[in-house]
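1. Make a model of this:
(one chain, ligands or ions: 1)
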Amino acid sequence: MDIEPESLSRNELVATLVAALGRIEELTARVAELEARVRRDSSNSSRPPSSDGPYRKPQPKASAMRKKSGRKPGKQHGDPGTTRRQVADPDEVIECAPAECAGCGTDLADAAVFGMSKRQVFEVAPPPPPMVTPLCQPWVRRSALSG
Ligand SMILES: [Zn+2]
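-> Next up is the predicted model:
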């Protein structure tokens, strides 16, 4: 845009100035929009974290933001606590009688039982197998041209 001010009338100069001011206003708004876009990341927009640049300042961890309660970790004194209790009717009972003395190797098959210790092992049931649903789509061909 070449403007020679000497060749313009006062009205032309005013019109040029008004147009330039309007353009400055547009560009100022555009710069503000682009600056806001540059500051956008996964923490202040719907962008995924994978879109964040590698030089982004790390966010403080949630644990660092928490206030200390002054309590010791774990069960508090006086708290009754919760312990998994043995069940009366376990699914399976496995007797683990020793076959021989661990010290001298004496056969203990006929030894008198004078007590029994019982422990129970709780195991999570395996997940069910996946449900498989076949989706069959026939390949069809129109028999003759029509229309
Ligand atoms: Zn022995």
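2. is it fair to say A64 lies in a strand?
-> No. Counting by DSSP: H, G, I helix; E, B strand; the rest coil, A64 falls outside a strand, being helix.
3. Around it, how many other residues sit close by?
-> Neighbourhood size, A64 [other C-beta atoms under 10 Å]: 7. In this view, the C-beta of every residue, glycine as well, is placed from N, C-alpha and C.
4. From the centroid of the protein, which residue is nearest?
-> P49 (10.7 Å; C-alpha atoms, centre = their mean).
5. in what helix or strand does the residue nearest to that one when sequence neighbours are not counted lie?
-> Nearest residue to P49, sequence neighbours excluded (C-beta to C-beta, 6 or more residues apart in numbering): S42, at 4.2 Å. Assigned by DSSP states H and E, S42 falls within no helix or strand.
6. now the one 3 residues further on
-> When elements are assigned from DSSP H and E, S45 belongs to no helix and no strand.
7. Starting from R37, give me the distance back to it.
-> In this view, S45 and R37 are 9 Å apart by C-beta to C-beta, to the nearest Å.
8. Quick check on those two: which one has the bigger neighbour count.
-> The neighbour comparison of S45 against R37 (other C-beta under 10 Å) goes to S45, with 12 against 9.
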